[in-house]
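S.K.: next one to model:
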Amino acid sequence: MIRFAASQYAIELIEQWDDYAAHLDAHVAEAAAAGAQLVLLPEYAAMTLTGQLPPAERGDLAASIAGIQPLLPRWLALCAQIAQRHRVWFCPGSAPVLDDDGQYRNRAFLFGPQGLLGHQDKLIMTRFEREEWNIAGGRDGLRTFETPLGILGILICYDTEFPMLARQLAEAGVDLLLAPSCTDTEAGYHRVRIGSQARALENQLPVLVSATAGMASWSPSVDVNYGRAAMYVPADRGMPANGVLCESERVFTEESRWLIGQIDAASVSAVRREGQVALYRDWPEQFAVKVQRTA
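M.R.: Sure thing, here's the model as predicted:
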C-alpha cells in the first residue's frame with residue numbers, strides 16, 4: 001500500500017532564499033505528517049525560484065529561466081535534504097534546465113531518502129514551450145525508477161496525451177505513473193485529465209497528477225494556473241466506476257493544498273488479470289486492423 005500526497009501548488013511570490021527553503025520544507029512536512037511516503041509537486045514548480053530575481057528579470061520570459069540557473073544546484077540540494085529529513089520519495093516537479101548542448105529542457109527530478117535517483121525530461125513540447133520559450137524536448141527517452149514503493153515512471157504534463165509514451169513505460173514494468181502538470185486554461189487542465197485517465201485505462205495502471213494553481217501575475221511563465229491534483233485508475237472491477245480514485249475539490253485555488261490518499265498498486269495490476277476487460281493484453285490487436293475505403 002502506497003500513501004501518496006499530490007500538491008495543488010500555488011505559485012507564490014517568495015523573494016528570499018531562506019523564506020523559499022522554509023516554505024518548501026513546511027509544505028512537504030505537512031504531507032509527511034499525514035503519512036505520505038510519495039510526495040509529488042507539479043511541472044514548473046521550480047519557477048517559484050524566479051521570485052528571488054529582480055522584478056525586471058523575473059518579469060521577462062527568457063531572462064527568468066536564465067536567471068534561475070545559478071539557483072538550481074542549491075534547489076536540488078534542498079530537495080535532497082527535504083527527502084532525507086522527512087523520509088519520503090519526493091518529486092519536486094520540474095525546472096527548465098540549461099543542458100550541456102546549450103538547450104533548455106523541462107526536467108523533473110526524483111529523490112529518495114538516500115538522495116537523487118535521477119531525472120526525466122519532458123519529451124514533447126507544447127506550442128508555448130517550443131515557439132515562445134525555446135525549450136527543447138528531451139533527448140534521452142524514457143526512464144524508470146525502482147523504489148521500495150514499486151517501479152515509478154514520470155510523464156510531464158503534455159506527454160500524458162501521447163499513448164505510446166505511457167505504453168512503453170507500462171511494458172517496462174512501471175507500477176505507477178507520476179504526472180506533474182502546469183496548465184493555464186481549463187481546457188488545458190481537461191486535456192491532461194483526459195490524457196491521464198486514458199493512460200490509466202489503456203495500461204491498467206494508476207496515474208498520479210499534481211498541478212500548479214492560482215495566479216502569479218509577476219511571472220510571465222506561470223502567471224495563470226488551472227488544475228487539480230488527482231489519482232486516476234482503470235475503471236474496472238474493484239476500482240471506482242468513473243476511474244477517479246480521488247481528486248482535489250476545485251480546478252482553481254489561490255492556496256497550495258495536498259491531496260492525500262493511498263493505493264494498493266498490486267490490486268490495480270490485478271485488474272490486468274481479473275478485470276472485466278483486458279486492455280493491456282489486447283493492445284497489440286489494434287495494429288493489425290486495416291482501413292478499407294468504400295466508394
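
S.K.: and the strand or helix carrying residue 81, what does it pack onto?
M.R.: Using DSSP states H and E, residue 81 sits in helix 72-86. Packed against helix 72-86 by the contact rule (3 or more C-beta pairs under 8 Å, 6 or more residues apart in numbering; DSSP states H and E) you find helix 17-33, strand 89-91, strand 94-98, strand 104-112, strand 115-121. C-beta: built from backbone N, CA, C; applies to glycine.

S.K.: looking at those, which is buried most?
M.R.: Stretch with highest mean neighbour count among those: strand 89-91 (a mean of 26; mean count of other C-beta atoms under 10 Å).

S.K.: residues contacting the helix or strand bottoming out on mean pLDDT in the chain, please?
M.R.: Lowest by mean pLDDT, DSSP states H and E among the helices and strands of the chain is helix 265-274, with a mean of 86. Residues from elsewhere that reach helix 265-274 (C-beta atoms under 8 Å, 6 or more residues apart in numbering): 2, 149-150, 175-176, 204-206, 233-234, 236-239, 278, 280-281.

S.K.: switch the cut-off to 7 Å
M.R.: With contact meaning C-beta atoms under 7 Å, 6 or more residues apart in numbering, helix 265-274 is reached by 2, 150, 175-176, 204-206, 233-234, 236-239, 278, 280-281.

S.K.: got the buried residues for that helix?
M.R.: Residues 265, 268, 269, 271, 272 are the ones in helix 265-274 that count as buried (16 or more other C-beta atoms under 10 Å).

S.K.: what ranges do the helices span in this structure?
M.R.: In the chain, the segments counted as helices under DSSP state H are 17-33, 55-58, 61-67, 72-86, 127, 163-171, 186-203, 265-274, 279-282.

S.K.: I'd like those helices written out as TSV, with distance to residue 48 added.
M.R.: Below are these laid out as TSV (distance: least, C-beta to C-beta, whole Å):
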stretch	distance to residue 48
helix 17-33	7
helix 55-58	10
helix 61-67	11
helix 72-86	10
helix 127	24
helix 163-171	27
helix 186-203	20
helix 265-274	30
helix 279-282	38
